[in-house]
Each structure stands twice: as structure tokens, then as C-alpha cells.
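structure for this input, please:
(2 chains)
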Amino acid sequence: MNRTTWRHWLREQRLWLLGCAVLAPITFAWPAWEAWQQYGQHRPLLATDVPAGGAATFGGAEWRLGSVEILDPKDIHRSDVAPPGTVFLVAHFSVTPQPGSDPKLLASCDGRLSDARGRWWDATSLWLGLRLQLGCVAGFRDGKIQGPSVGAPWHFAQAFLVPEDAAATARPEIILPPLQPRYLRFHRR
Amino acid sequence: MTRRATLLSRLAAAVSIVAVVAAIGVMGNQHLGYDGKIAPFLVPGRIGETVTTRTFDFTVQSARLARALSAAPKPGAINAPPLTTSGIWLIVHARIAARTAPVRLMSVRLHARDGDDYSAARNRMLDMKYTRWLLSENATDPGIPREGWLAFELPPSRVSGVRLRVASTFGDASLDNLTDIDLGIDEARLEELQRDAADVFVIGKDTP
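Numbering: from 1, shown residues only, chains lettered A, B, ... in the order given. Modelled structure (predicted):
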């Protein structure tokens, strides 16, 4: 095929070629996107970073990280459950539901802790003997199960058992499973 | 074209077709079945070596036999009778370290030389006095390695050559890592282990 006939062929087939150029990537990208979305429904993949001292709106509520305490297990008489080289990290949060927020969505909240090395920890269910509202949004208070009301900040804490080397830099996170893959990641400094 | 040339040409075509069909047949036989496609990726190792899987590092420190099994009770707890068996208990002491996320061993089996698998004893060991020592009953967090025990009940005739297969995913650990750790129990070692087998091994009290 010489150059003239080659150009002629390209001109004649340009619509088909254009269609292939558009559709071929779509045939790969579309299922990949669907698979990624399905994968992300069950995993926190996209962090919304909240700067130290800041707040973020998530799931129709304003979330804020208050203080973070690092507790030596010996000080709270729990060295029986904490292996050597570990500490308890207690992250204090507040959440203020906004008008129209879904209490069930907020009650699905989970706490997590992650570090810069990609390691993460779930909140511990160990009894620490602390006078804190442990758990996430809903909690047992004044003898009955209560949750936050619109416009009023609700304070709660999450406790984690972590190695000492992670305690100084680890970032507390808030996950609302129905909103995954998005989640909040709070910076401490 | 002469008649001979035509004949040769047709013969060549026939041979080519047969060769292609045979090649397709061979390829078809080489093709993995469904079980093969979703099979776990075995990570081999030996007793004393650290085996690294996708989610955890695992080191078997010792393996021993016992005719009955008990565990150190918590102070004040009722001391139930030891767990006996019509076979023998194989008790493995090991260390697990989670890599980036909390890990729980969901599949814990001994793979016998003849291909049979024996699951870790769980139903008979649901008492807290056992579960606190068992690696199969406790999650492990990153940076906080855990040492503990795995207990298996199996016929004495199947102990020789067993390999430890553990995974952090359910069932057959499809498409995930599954350890394949040689516990180093050949016939000579088996005799030695049987000779040293405790009448009652107390988990949490007796040395690994």
C-alpha cells in the first residue's frame, strides 16, 4: 500500500477508527471503575484530611478531634492485658449533627487509628476503667441509651491499644460504613 | 503442478491441521480447573523459620504431643477436667505478627501426608481458660506480636509428615496466602515425641 492509498484508506475509515479509539479504552475503564467502586463500598480508601484543631462536615454532622491522651497501662492498672511496649491512646471527639442528618447513619460510626507506615488499629473493646463515654456516636449515659441531638455537640472517646512507636504520630479516623470509601482522618499537629 | 506435488501439498495441510488440533488439545489439558484458579498461594517454611504472608508473619517455635490437654485456670475459676482424646493432641507453640492491619487466623489446619486436613480444635476449647492462650481465638494488631498455642486432635498414625496451614481468610484461603510449614516430624522425631508426650499438658503452665 503506497502513501496515497494509505491516506485514502485512513480518510475512508476515520469514523470507525475514531469509534475504536474512544470505545476500546472505555471497555477496560468502565468495568475497572465499577469494580473499584464495589471494592470501595466496604473499605475506607479516600481520606478527607482534617487539619489539627479543625472540623469537618461528614454524613450531615460536624466532627472535631479534641485532645488525645496517651496512657501507660500501668497507670490505669491494665498491664495485665497490654503487652510490654504498648500504650493506650484515647482520642476525644465531638460530633454536632446538623438539621436533616440521619441518626442511623451517625450511629453506624466506627473509630480507627492509622500511622504513616500504613498500619491501622481498631478501637479496643477492653475495659479500661476510665470515666469516659467510650464507643462512637450512641452511648449508654445516665442509665439509658442516648445519642446526639441536632445542634448540640456530643462528646465521646475512642481507645486504642498501640505500640509505643505509633502513639506519637498516629492519626484518629472516623468511618461511616455507608459512606465508604470516604472517611475522615484527623491530624494532631 | 504435478500430481505428486498436489499430494504432498494436501498431506502437509492435513499434518498441519492435526498438529494444530493436537496443540489445542494439549493446551486444553494444561488449562487450570476452577479449583486450580482459586487455589491459595502456599508459603512454605520450616519449624523455627519466620514465614511472611500477605497479612502476617508467622513463626512456629515448637510442636509436641500430649494424651490430654488442660490450661492454667484464672485464679478462683473452676478447674474443669482435662480434654482427653481417642487420638493424640498435637500442640504447636507459635508467634504471629500482623503486618499492617489487625489479623485473626480464620483457617487453621494440619495437612497430613495422605492429603487429609485436620482443623484446630475449637469447639471443645471455647472456655476462656483455653481461648486466652489460643492464637486461633485472638486477633493480633500491627506492632503487637502475639505468642500462643494451636491445638489439634488427630490419629497418631497421621502425625508423621504433617504441615501447618494457617490463613487470615476463611475456609480454603482461596487466592490468598496459606502457610505450608513443615513441622519436622519424621518417623524418628515422632517416636521421640511419643516418648516425651505428656499425660496432661497444661497450656500456659508447661513450657513450650
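
quick check on whichever residue of chain B sits closest to chain A: phi, psi?
The nearest approach of chain B to chain A comes at residue B:143, 3.3 Å away (CB to the nearest CB). Glycine gets a C-beta too; all of them are placed from N, C-alpha and C. The phi/psi pair for residue B:143 (degrees, to the nearest 10) reads phi 80, psi 0.

do residue A:54 as well
phi -90, psi 180.

per-residue confidence for the residue of chain B closest to chain A?
Note for residue B:143: predicted pLDDT of 95.

then residue B:71?
pLDDT, residue B:71: 87.

now swap in the one 3 residues further on and tell me
The predicted local confidence for residue B:74 comes out at a pLDDT of 70.

check contacts around it.
B:128-129 (CB atoms under 8 Å, 6 or more residues apart in numbering or on different chains).

and the gap between it and residue B:135?
To residue B:135, residue B:74 is 19 Å away according to CB to CB, to the nearest Å.

same question for residue A:187.
For residue A:187, the distance to residue B:135 - CB to CB - is 35 Å.

go on, residue B:98?
Using CB to CB, one gets 12 Å for the distance from residue B:98 to residue B:135.

check residue B:2 too.
To residue B:135, residue B:2 is 80 Å away according to CB to CB.

give me the more crowded residue out of these two.
Neighbour count, other CB atoms under 10 Å in any protein chain shown: between residue B:2 and residue B:135, residue B:135 has more, with 23 against 7.

quick check, the more buried one in contact with residue B:97.
No - Residue B:135 lies out of contact with residue B:97 (CB atoms under 8 Å); the separation is 11.4 Å.

need the overlap of contacts for these two.
With CB under 8 Å, 6+ apart, residue B:135 and residue B:97 have common neighbours residue B:146.

helix or strand for the nearest residue to residue A:72 once chain neighbours are set aside, which one?
Nearest residue to residue A:72, sequence neighbours excluded (CB to CB, 6 or more residues apart in numbering or on different chains): residue A:87, at 6.1 Å. Assigned by DSSP states H and E, residue A:87 falls within strand A:86-97.

what do you get for residue B:153?
Judged by DSSP H and E, residue B:153 forms part of strand B:146-154.

chain center to that strand: distance?
Computed by CA atoms, centre = their mean, to the nearest Å, the chain-centroid distance of strand B:146-154 equals 12 Å.

what are the buried residues along that strand?
By 16 or more other CB atoms under 10 Å in any protein chain shown, the buried positions in strand B:146-154 come out as B:146, B:148-154.

quick check, nearest of these to residue B:25?
Residue B:25 lies nearest to residue B:154 out of the buried residues of strand B:146-154, by CB to CB, at 42.0 Å.

and the pLDDT at residue A:107?
Each residue has a pLDDT score; the one for residue A:107 is 85.

ok, now residue A:52?
For residue A:52, the model assigns a pLDDT of 93.

quickly find the element holding residue A:27.
Assigned by DSSP H and E, residue A:27 belongs to helix A:14-40.

pull out the buried residues from that helix.
By 16+ other CB under 10 Å, helix A:14-40 has no buried positions at all.

next one: stretch A:120-128
Quick answer for stretch A:120-128 (16+ other CB under 10 Å): A:120-124, A:128.

same question, stretch B:56-71
Using 16+ other CB under 10 Å as the test for burial, stretch B:56-71 gives B:56, B:58-60, B:63-71.

also stretch B:100-110?
B:100-103, B:105, B:107-110.

name the residues that touch that stretch?
A:117-122, B:55-56, B:90, B:96, B:117-120, B:135-136, B:138-142, B:150, B:152, B:154, B:162-173, B:178.

please repeat the previous calculation with a cut-off of 7 Å.
If you take CB atoms under 7 Å, 6 or more residues apart in numbering or on different chains as the criterion, stretch B:100-110 is touched by A:118-122, B:55-56, B:90, B:117-120, B:135-136, B:139-142, B:150, B:152, B:154, B:162, B:164-171, B:173.
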